[in-house]
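[1] Model the following, please.
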Amino acid sequence: MTTEPPIIREATPADRAGIQRLLRELHGDSADSTTLPEIRQQARTFVAGDDEIRGLLVATFVDYGHEPYGVLEELVVDQASRGSGTGSALLAQCKSWLGALGAEVVFVSAIDEEAADFYLHAGFTRCTGPWLWAAADQPG
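    Reported below is the predicted structural model:
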């Protein structure tokens with residue numbers, strides 16, 4: 001017996017009932033009738049500097065009707081500007097943007113202890129959990 005692979009497509013407002021049913025399976029009663037009809041996803045890139053860019057921050061926001069959150073994807077400040085407050089200013093602008101969108105939490109992954117110390121000093125807390133990753137270009 002050959003099974004055809006499912007059709008994968010972008011969700012539309014007509015899919016609301018099916019999406020709500022599945023989210024109730026995942027989140028129980030907290031996925032109520034207010035969940036959706038539209039998933040909000042945004043990304044924003046912030047830079048520090050006018051003529052010469054001294055810092056960069058890329059963030060994403062996700063809200064599918066249950067606990068909206070932000071992810072700080074990238075933050076880098078050029079070596080000569082580190083310690084000047086550039087990273088903190090970028091982070092403050094990012095958190096302000098995410099907060100205005102309704103993000104309840106902001107996640108970040110620190111690649112080393114120096115970066116982790118920066119985020120801890122800025123009010124982040126270490127967390128553990130069910131995080132897993134995979135290369136996007138590898139077949140499932």
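[2] where does this protein dip in pLDDT?
    Residue ranges of the chain with pLDDT under 70: 1-2, 29-38, 130-140.
[3] Show me what the most centrally placed residue in it bridges to in the sheet.
    The chain has residue 71 as the residue nearest its centroid, 2.7 Å off, counting by CA atoms, centre = their mean. For residue 71, the beta-bridge partners are residue 60, residue 107 (DSSP bridges).
[4] Okay, it and residue 49: tell me how far apart.
    Residue 71 is 23 Å from residue 49, where distance means CB to CB, to the nearest Å. Where C-beta positions appear, they are placed from N, C-alpha and C, glycine not excepted.
[5] picking that back up, pretty sure the residue nearest to the centre of the chain sits against residue 44.
    No - if you go by CB atoms under 8 Å, residue 71 and residue 44 don't touch, sitting 11.4 Å apart.
[6] Mind listing the shared neighbours of those two?
    Residues touching both residue 71 and residue 44 (CB atoms under 8 Å, 6 or more residues apart in numbering) are residue 59.
[7] Can you report how many residues neighbour residue 107?
    Neighbour count for residue 107, taken as other CB atoms under 10 Å: 15.
[8] Would you agree it is in contact with residue 69?
    Yes - using CB under 8 Å, residue 107 makes contact with residue 69 at a distance of 6.5 Å.
[9] Helices of the protein, residue ranges please.
    With helices called from DSSP state H, the chain shows them at 16-27, 86-101, 113-121.
[10] Output these as JSON lines; include the columns distance to residue 3 and mean neighbour count.
    Output for the helices of the chain, formatted as JSON lines (distance: least, CB to CB, whole Å; neighbours: other CB atoms under 10 Å):
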{"stretch": "helix 16-27", "distance to residue 3": "20", "mean neighbour count": "13"}
{"stretch": "helix 86-101", "distance to residue 3": "40", "mean neighbour count": "17"}
{"stretch": "helix 113-121", "distance to residue 3": "45", "mean neighbour count": "13"}
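[11] right, and those helices - which one's nearest residue 127?
    helix 113-121 (11.2 Å; CB to CB).
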